[in-house]
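J.: Structure for this input, please:
(one chain, ligands or ions: 1)
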Amino acid sequence: MIFKRTCMPEVVLIEPQVFGDSRGFFMETWEARKFAEAGIPAHFVQDNHSRSSRWVLRGLHYQLQQTQGKLVRVGEGEVFDVAVDLRRSSPTFGQWAGEYLSAENRRMLWIPPGFAHGFLVLSERVDFIYKCTDYYDPASERTLLWNDPELGIEWPIPAGVEAIVSEKDRHGLPWRSIETLP
Ligand SMILES: Cc1cn([C@H]2C[C@H](O)[C@@H](COP(=O)(O)OP(=O)(O)O[C@H]3O[C@H](C)C(=O)[C@H](O)[C@H]3O)O2)c(=O)[nH]c1=O
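T.: Prediction:
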């Protein structure tokens, strides 16, 4: 496993070791010792799996309580995955990192607690699979507006294409109005 810092050092890109043979391939997608050695001592309590079609954009979501760290990857397809630092005490407060994750590059992204998270689907279909360090807490879940100009996230949406977002995400709050984290 190779661990690479992104433009925000606590958001880490992980490239698993892939063992290919005539049957296909094998790779470890989570191994506590290797992650702890890389400074990611995560303890996961919930696994999620969502399926989306091209140009769906889910996010940007976070929880005020039970803030979730997430280890995200793609089982099928490709996404542009984004994390936004919501921690007022952080030197990267208000900054974002985006990475292309796909079944081809097999890359995973570690997003610590304290970040908003979302992704844009770039392939016909995506199976998005991820581990969370805390439980879903709908009462404290919040949505940051994915295309807030102040955030300036460079989503790779071609001209003339509309992102497909849920009603909830359409009504996300702009950066200036959200409740941030300590
Ligand atoms: C997140 C979640 C949702 N649900 C139920 C609630 C709704 O009835 C249904 C769809 O939920 P939602 O539209 O919030 O799903 P996403 O838009 O994929 O939300 C996720 O999107 C971004 C990318 C994230 O990082 C979060 O994990 C999560 O917020 O699943 C659950 O039962 N448990 C859960 O943990």
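J.: Near the ligand, which residues of the chain are found?
T.: 48, 50, 58-59, 61, 70, 117-119, 136, 166 (C-beta under 6 Å from any ligand atom). (Each C-beta comes from the backbone N, C-alpha and C, glycine too.)
J.: now those residues: which count as buried?
T.: Among the residues of the chain next to the ligand, those classed as buried by 16 or more other C-beta atoms under 10 Å are 58-59, 61, 70, 117-119.
J.: picking up where we left off before, what two of the residues of the chain next to the ligand are the furthest from one another?
T.: Within those, Lys70 and Ser166 form the most distant pair, 18.4 Å apart (C-beta to C-beta).
J.: pLDDT averaged over whichever strand or helix holds Phe25 - what is it?
T.: If you go by DSSP states H and E, Phe25 is part of strand 24-27. For strand 24-27, mean pLDDT is 98.
J.: what's in contact with that strand?
T.: Applying C-beta atoms under 8 Å, 6 or more residues apart in numbering, the contact partners of strand 24-27 are 16-19, 106.
J.: give me the beta-bridge partners of Ile2?
T.: For Ile2, the beta-bridge partners under DSSP bridges are Glu15.
J.: Does it touch Lys34 like I think?
T.: No: taking C-beta atoms under 8 Å as the definition, Ile2 is not a contact partner of Lys34, at 10.3 Å.
J.: Looking at the two, which is more packed in?
T.: Lys34 (15 against 10; other C-beta atoms under 10 Å).
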